[in-house]
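[1] I'd like to go over a predicted model; first the sequence, then the structure.
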Amino acid sequence: MSSSSGPTVVQSLREYSRGVAGGLMFSLPLLYTMEVWQTGFLAGPLRLLIFCGATFVLLLGYNHHAGLHDDSGWAEVVIDSVEEMGIGLIVAVAVLFLIGRISTELNFSEVIGKIAVEAMTVAIGTSVGTAQLGLEADAQKSKSKKQDEVHIGSQLVIAACGATLFAANIAPTEEVVVIATSSSILQLFIFMFCSLLLAALILYYIDFSGSQQFVRHNGFASIVAGTLASYAIALSIAAAVLWLFGRFDHVGLLTVVAETVVLGLVTTMGASAGRLLVQ
Amino acid sequence: MKTPKKNWLEWSIFAISLVVVLGTVGVLFYEFFTLGEQPADPQMELGPPQAHTGYYAVPVTVRNRGNETAQNVHLAVTLQLSGEESERADFILDYLPRFAKREAWVTFLHDPAKGKLEPRVLGYEKP
């Protein structure tokens, strides 16, 4: 909101409520997933710290490029990001307590781990929710973002956010490992082909909502480059999220690559379709 | 740098968020620097036996005193009765996180008061 007097308390309350709704919308599947609770005590403090840091960087990037405060400086972006992390933590505590996964009986180290893992996705969901779910968001979006403003850096950051939101729901499950270890090399190549095809179709062909507005389209070379960039982001995010959830622990290099390619199909959806939706 | 215009609600949410975030990160940093390399170390403690209909139940408290999580922790309690006779009860914990405490029960047909209870950690996996 860019009015000179700043938002009223009622407006702010609405914005925060939207954030909480968005956070819950994207993270409830994770809050209800056993493997994610287990990651809380399996991951160890260093991995959790890296996860928190990476999430904060993603939030900074997303708020800078897609947030509502177009006219604001980095101070505003930092404040927004801290608030989203804070809301993420508080929502995670509330839901984990409600579903009986944390209690005063449990060891503090176990509790803080569970909260930290869950809160980060809630935070990204909160950020996307605050920016996307409001009426002002729609109005402001069409006003402030024109096609000639498409910036490759911001598109990559937003693609990473979309990929993370999609990956976080699937990466913690055992199924990724099962699929990865039972797929042949040929199947993995087909996975990659399908991912690239999906990215190209969503970004350049099927007139997905927002694709006209946010995707630059001039010739075959730019289609290839855009598709490859999306897939590169998708694979990087897939690998990072799998590592966080301990899916790379005690496995060989081939399994690491196979898991990344298998989850890559999911993160490709996030980096292409998700990216267009969370602009 | 210009100060963003914010109302009291926004400043309070920001203040609370800052405390919560710094608190969480602070705890994680504290754990990172204080946590040793000590492997998982499940320890059992037995409570007083209770007579139930048809069997006796003994509460067991399991604590992990190590710095690593133990998975599939297999635990047993043997009731050594007079002579050669003995009865064993066991159970498995999916996970026992570092410093965590879990509670369970083992049951026996014979009265534990008439013998000697011996708790034992049979084995566990590194996750």
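    Done, it's in. Numbering: from 1, shown residues only, chains lettered A, B, ... in the order given.
[2] Would you mind measuring from the most centrally placed residue in chain B to A:Gly44?
    Per Cα atoms, centre = their mean, the C-alpha nearest to the average position across chain B is that of B:Lys101, at 2.3 Å. Distance, B:Lys101 to A:Gly44, using Cβ to Cβ, to the nearest Å: 19 Å. All C-beta atoms are positioned from the backbone trio N, CA, C, and that covers glycine.
[3] For the stretch 151-279 of chain A, which segments are assigned as helices?
    Along the stretch 151-279 of chain A, counting by DSSP state H, counting those that start in this stretch, helices occupy A:152-170, A:174-182, A:185-200, A:211-214, A:220-244, A:253-269, A:275-277.
[4] weakest of these by average pLDDT?
    Least confident of the helices of the stretch 151-279 of chain A, judged by mean pLDDT, is helix A:211-214 with a mean of 75.
[5] Mind giving me the packing neighbours of that helix?
    If contacts are counted by 3 or more Cβ pairs under 8 Å, 6 or more residues apart in numbering or on different chains; DSSP states H and E, helix A:211-214 sits against helix A:275-277.
[6] Give me the packing partners of the helix it packs on, helices and strands only.
    Secondary-structure packing of helix A:275-277 (3+ Cβ pairs under 8 Å, 6+ apart): helix A:152-170, helix A:211-214.
[7] now do 6 Å
    helix A:152-170 (3 or more Cβ pairs under 6 Å, 6 or more residues apart in numbering or on different chains; DSSP states H and E).
[8] what is the orientation angle of the helix it packs on with helix A:253-269?
    110 degrees (axes from the mean of the first three to the mean of the last three Cα atoms, to 10 degrees).
[9] Helix A:152-170: how far from the chain's middle?
    5 Å (Cα atoms, centre = their mean, to the nearest Å).
[10] okay, the angle between that helix and helix A:220-244?
    Going by the same axes, to 10 degrees, helix A:152-170 makes 40 degrees with helix A:220-244.
[11] Only the buried residues of helix A:152-170, if you could.
    Residues of helix A:152-170 classed as buried by neighbour count (16 or more other Cβ atoms under 10 Å in any protein chain shown): A:154-170.
[12] Name the secondary structure element that contains the one residue in the stretch 51-200 of chain A that gets nearest to chain B.
    Residue nearest to chain B within the stretch 51-200 of chain A (Cβ to the nearest Cβ): A:Gly86, separated by 2.2 Å. Assessed by DSSP states H and E, A:Gly86 sits inside helix A:74-98.
[13] what's that helix packed up against?
    On a contact count with 3+ Cβ pairs under 6 Å, 6+ apart, helix A:74-98 meets helix A:9-31, helix A:45-66, helix A:108-132, helix B:8-34.
[14] residues in contact with A:Leu242?
    Counting by Cβ atoms under 6 Å, 6 or more residues apart in numbering or on different chains, A:Leu242 makes contact with A:171, A:248, A:259.
[15] Which residues of chain B lie near chain A?
    Residues of chain B lying close to chain A by Cβ under 6 Å from any Cβ of the partner chain are B:1, B:4-5, B:7, B:9-10, B:13-14, B:17-18, B:20-21, B:24, B:27-28, B:31-32, B:69, B:97, B:99-100, B:127.
[16] Recalculate using a threshold of 8 Å.
    Contact residues (Cβ under 8 Å from any Cβ of the partner chain) of chain B with chain A: B:1-10, B:13-14, B:16-21, B:24-25, B:27-29, B:31-32, B:35, B:69, B:95, B:97-101, B:127.
[17] can you redo the contacts of A:Leu242 as TSV with neighbour count and distance to chain B?
    Listed next are the contacts of A:Leu242 as TSV, based on neighbours: other Cβ atoms under 10 Å in any protein chain shown; distance: Cβ to the nearest Cβ, whole Å:
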residue	neighbour count	distance to chain B
A:Ala171	27	17
A:Phe248	15	13
A:Glu259	24	17
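[18] which residues touch residue 120?
    Assuming you mean chain A. A:51-52, A:55, A:85, A:88 (Cβ atoms under 8 Å, 6 or more residues apart in numbering or on different chains).
[19] My question was about chain B, not that one.
    B:Arg120 neighbours (Cβ under 8 Å, 6+ apart): B:44, B:75-78.
[20] Stretch A:190-208: end-to-end distance?
    This stretch, stretch A:190-208, spans 24 Å end to end (Cα to Cα, to the nearest Å).
[21] how near is the residue nearest to the centre of chain B to A:Met25?
    Applying Cβ to Cβ to B:Lys101 and A:Met25 gives a distance of 35 Å.
[22] Find the residue ranges of chain B scoring beneath the pLDDT cut-off.
    For chain B, residues meeting the criterion pLDDT under 70 lie at B:1-4.
[23] residues touching the residue of it found nearest chain A, list them.
    Scanning chain B for proximity to chain A using Cβ to the nearest Cβ identifies B:Ser17 as nearest, at 2.2 Å. B:Ser17 makes contact with A:82-87, A:89 under the criterion Cβ under 8 Å, 6+ apart.
[24] just to revisit the earlier point, by neighbour count, which of the contacts of A:Met120 wins?
    Counting neighbours by other Cβ atoms under 10 Å in any protein chain shown, the top entry in these is A:Gly88, with 31 neighbours.
[25] wait, what's in contact with the closest residue to that residue other than its chain neighbours?
    With Cβ to Cβ, 6 or more residues apart in numbering or on different chains as the criterion, A:Gly88 has its nearest non-adjacent residue at 3.1 Å, and that residue is A:Ala123. By Cβ under 8 Å, 6+ apart, the contact list for A:Ala123 reads A:23, A:55, A:59, A:84-85, A:87-89.
[26] Give me the distance from stretch B:28-37 to the chain's centre.
    Worked out by Cα atoms, centre = their mean, stretch B:28-37 lies 19 Å from the chain centre.
[27] In that stretch, which residues are buried?
    By neighbour count on 16+ other Cβ under 10 Å, the buried set for stretch B:28-37 is B:28, B:31, B:35.
[28] still on that earlier bit, out of the helices and strands packed on helix A:74-98, flag the one nearest A:Val95.
    Evaluated with Cβ to Cβ, those place helix A:9-31 nearest to A:Val95, the distance being 4.8 Å.
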